[in-house]
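In: model this:
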Amino acid sequence: MTDAQDTAAETALRTAGGAPPDDGVAAMEAPTPLLEPREGIPPVVADAEALARVIAAFAAGTGPVALDAERASGYRYGQRAYLVQMRREGAGSALIDPIGCPDLSGLGEALSDTEWILHAATQDLPCLREIGMIPTRLFDTELAGRLAGFPRVGLGAMVESVLGYALEKGHSAVDWSTRPLPEPWLRYATLDVELLVDLRDALEKELDRQGKLEWARQEFDAIASAPPAPPRKDPWRRTSGMHKVRRRRQMAVVRELWTARDRIAQRRDVSPGKVLSDGAIIEAALALPPNAQALGSLSGFGHRINRRQLEQWQAAVDRARALSEAELPQPGQPLNGPPPPRAWADKDPAAAARLSAARTGVSELAERLNLPQENLIAPDTVRRICWEPPSDPTSEGVAEALTALGARPWQTELVAPVLAKALIQSA
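Out: Have a look, this model is predicted:
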């Protein structure tokens, strides 16, 4: 960055952190459009020989490595990566095609002792894990922005406000499974990692200035060490519009149609929504159509669905209609934790009072620290503490309970006294 851009970045960081800019420092100028990667668009790596060269170059590089991954959400089944972008000092930028190079474990091993920089790491880590890339250390620039108090933490907004550059974001939702990838898309993808190292360095300085750098390090370590998420139980229950479905027989229709759709989508490698919309599933569940003709009259089952497809969907409905009462799904999932807070006043007024006091205390603390409440402490953790408070409601007892629920040390140190006060005052 130039000296002028350094000054602009420092001004933005001080403002985001809650401190006014120094007297005499000019307001930030309009951001500079970032139109071309500094070394141009690298060739797409799609074979073992080219991958070996990239592995050697990045292993010989210095400093952290910037990474990003592009998926084809809304187009393809699942969340696999269709392009991996990387940049490291001494190695430059690289674009890797995980279709041509489906096993990147060798690259991951070459970078195992290196800090990985990602923006919104939890979004990309699952698809990177699938191709053998698992970090041991990372720096999440989005999470760093949240902890530093930035109001907008998207990559474009962060690069603009911190570094003074404007990223072009027009290709974020394209079908990245397209082959060959168009040059404008490759330019966009390369630019996404162009300034990640600079952004990381600026945010580290700002977190250190605010006294939050150790908090961030603990958060990053927690993300890097977290195991893969277990498969979701009863994923059909997350069908959009499910709140309209009240009867168990109707729930069974949702389950059967969702399962049939998922099987077809997986076989065809397309997004489930392209096979049958959530809205159509809910319409069929509410109507319980007796035959394919009745099903075809419902919204979402119109003229684009042929007779054979209608009979396929009607077969799923018929399977649900034929189930015995014992085979029907239960109205709700078994609760793993406290009930929804809206029910607390009736179920346990004392717990409701504890939760109200705790939420107030956490909100005030988060405001003083200039960071989002959910990053200060997970809302579910607060609910669990208030629903089943520890036998020892002191700060020490609450701290022990918070640790058992997965809170990081910095969170426990800050939040335990606040929750202890809420528990004692509401007793």
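In: Tell me the secondary structure of residue 343, please.
Out: Of the three states, residue 343 takes helix according to DSSP: H, G, I helix; E, B strand; the rest coil.
In: What distance do you get for it to residue 332?
Out: Residue 343 sits 12 Å away from residue 332, going by CB to CB, to the nearest Å. C-beta here means a position set from N, CA and C on the backbone, and glycine is covered the same way.
In: So which of these two has more stuff around it?
Out: Each of residue 343 and residue 332 had its neighbours counted (other CB atoms under 10 Å), and the higher figure belongs to residue 343 (11 against 8).
In: Quick one, grab the pLDDT at that one.
Out: Looking at residue 343, its pLDDT is 92.
In: who touches it in this structure?
Out: Applying CB atoms under 8 Å, 6 or more residues apart in numbering to residue 343 gives no contacts.
In: same thing with residue 352?
Out: Applying CB under 8 Å, 6+ apart, the residues near residue 352 are 341, 344-345.
In: and if you look at residue 259?
Out: Contact partners of residue 259, counting by CB under 8 Å, 6+ apart, are 236, 316.
In: Could you do residue 220 as well?
Out: If you count contacts by CB under 8 Å, 6+ apart, then residue 220 has 121, 137-140, 143 around it.
In: how about CSV for the contacts of residue 352, with distance to residue 297 added?
Out: Shown next, in CSV, are the contacts of residue 352 (distance: CB to CB, whole Å):
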residue, distance to residue 297
341, 41
344, 44
345, 44
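In: Give the phi and psi angles for residue 210, as a check.
Out: phi -80, psi 0 (degrees, to the nearest 10).
In: Number of residues surrounding it?
Out: By other CB under 10 Å, neighbour count at residue 210 equals 21.
In: ok, now how distant is it from residue 147?
Out: As judged by CB to CB, residue 210 and residue 147 stand 8 Å apart.
In: for residue 387, what are its contacts?
Out: Taking CB under 8 Å, 6+ apart, we find residue 387 in contact with 337-339, 344, 348, 351, 355.
In: Now residue 134: closest residue in space, sequence neighbours ignored.
Out: residue 108 (5.9 Å; CB to CB, 6 or more residues apart in numbering).
In: check which helix or strand covers the one you found.
Out: Here residue 108 sits within helix 105-110, counting by DSSP states H and E.
In: Over to residue 175?
Out: Here residue 175 is assigned to no helix or strand, by DSSP H and E.
In: Hmm, residue 71 and it touching each other?
Out: No. Counting by CB atoms under 8 Å, residue 175 stays clear of residue 71, with 10.0 Å between them.
In: Tell me which stretches of the stretch 201-350 of the chain form helices.
Out: All helices of the stretch 201-350 of the chain, identified by DSSP state H, counting those that start in this stretch, fall at 213-225, 248-268, 272-275, 278-287, 292-296, 307-321, 344-347, 349-369.
In: quick one: low-confidence parts of the protein?
Out: For the chain, the stretches with pLDDT under 70 are 1-28, 333-335.
In: Show me how it divides into domains.
Out: Using automatic domain parsing, the domain parsing of the chain gives 3-225, 235-327, 341-425.
In: Any buried residues in the helix holding residue 108, and which?
Out: Judged by neighbour count (16 or more other CB atoms under 10 Å), helix 105-110 contains these buried residues: 106-108, 110.
In: Output that helix as PDB, nothing but the C-alphas.
Out: C-alpha atoms of helix 105-110 as PDB (Å, rounded to 0.1, in the frame of the first residue of the first chain):
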ATOM      1  CA  SER A 105      -4.000 -33.200   0.900                       C
ATOM      2  CA  GLY A 106      -0.400 -32.800  -0.300                       C
ATOM      3  CA  LEU A 107      -0.900 -29.000  -0.500                       C
ATOM      4  CA  GLY A 108      -2.600 -29.000   2.900                       C
ATOM      5  CA  GLU A 109       0.400 -30.900   4.400                       C
ATOM      6  CA  ALA A 110       2.900 -28.600   2.800                       C
END
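In: how far does the helix or strand following that helix sit from the chain's center?
Out: Sequence order places strand 115-118 as the next helix or strand after helix 105-110, per DSSP H and E. With CA atoms, centre = their mean, to the nearest Å as the basis, strand 115-118 stands 16 Å off its chain's centre.
In: Stretch 277-288 too?
Out: With CA atoms, centre = their mean, you get 28 Å for stretch 277-288.
In: before we move on, what about stretch 72-81?
Out: Distance, stretch centre to chain centre, for stretch 72-81: 15 Å (CA atoms, centre = their mean).
In: Repeat that for stretch 235-245.
Out: Centre to centre, stretch against its chain (CA atoms, centre = their mean), the figure for stretch 235-245 is 21 Å.
In: coming back round to it: sort out which of the contacts of residue 220 are in helices and list them.
Out: With helices defined by DSSP state H, the entries of the contacts of residue 220 inside them are 121, 143.
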